[in-house]
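Engineer: this is the structure alone, sequence omitted:
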């Protein structure tokens, strides 16, 4: 089926059922062995409905990846709201940033959703229309940059480029753990926390307001 035709938004319930069915089948059977017929049968819809909503199997796979990514972004924003709140008065920057980082390393990087996203992108990379790129990939970095800009406005950080500071913070904390251990899941690996703490301290040596 061509993907250039106008796709239906359709029923939210049916769309969710199709995405859930596709996600389960792509994970269990792989992209090549998963048929649109199988997705439709598991979702309880017609094959035509799957095509009307998503156009083709590759676009459906991309929608599954983006859906999981959106769920993770929701988790990240909740953690940001819980830990990096609007700075008021005296705060312990190191403690705040370590708390944020450890919540990310457990609630997000240790989640089933994150494991699903990694597995889908790793195993089905060649089938993704955008080459495995999540359409929301920059959102977490931009959200963190917004918080760093607020901390700078409050006189706590000196960050001429908030987005660069966010990228460097991520590289110094989760990036080090991922490079060294292949995972930054602090819920399962006690080696992650010391790296995160040292990464936060290194970041503050560079960016704490003098």
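Structural biologist: Thanks, I have it. Computed from a predicted model, the values in this text were never measured in an experiment. Residues are numbered from 1 along each chain as shown.
Engineer: please count neighbours and contacts with C-alpha atoms only from this point.
Structural biologist: Noted.
Engineer: give me the buried positions along whichever strand or helix holds residue 27.
Structural biologist: Residue 27 belongs to helix 12-29 when assigned by DSSP states H and E. Within helix 12-29, the residues that qualify as buried are 14, 15, 17, 18, 19, 20, 21, 22, 23, 24, 25, 26, counting by 16 or more other Cα atoms under 10 Å.
Engineer: okay, those residues in a markdown table with distance to residue 77 and pLDDT next?
Structural biologist: A markdown table is the format used below for the buried residues of helix 12-29 (distance: Cα to Cα, whole Å; pLDDT from 0 to 100):
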| residue | distance to residue 77 | pLDDT |
| --- | --- | --- |
| 14 | 27 | 92 |
| 15 | 24 | 93 |
| 17 | 25 | 95 |
| 18 | 26 | 96 |
| 19 | 23 | 95 |
| 20 | 23 | 94 |
| 21 | 27 | 96 |
| 22 | 26 | 94 |
| 23 | 24 | 93 |
| 24 | 26 | 93 |
| 25 | 29 | 93 |
| 26 | 28 | 90 |
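Engineer: run through who's touching the helix or strand bottoming out on mean pLDDT in the chain.
Structural biologist: Least confident helix or strand of the chain, by mean pLDDT, DSSP states H and E, is helix 112-123 with a mean of 83. Applying Cα atoms under 8 Å, 6 or more residues apart in numbering, the contact partners of helix 112-123 are 26, 27, 30, 65, 68, 69, 71, 72, 108, 109, 132.
Engineer: what about the top helix by length along the chain, distance to the chain center?
Structural biologist: Assignment by DSSP state H gives helix 57-83 as the longest helix of the chain. The chain centre lies 5 Å from the centre of helix 57-83; the measure is Cα atoms, centre = their mean, to the nearest Å.
Engineer: give the rounded mean pLDDT of that helix.
Structural biologist: Regarding helix 57-83, the rounded mean pLDDT is 91.
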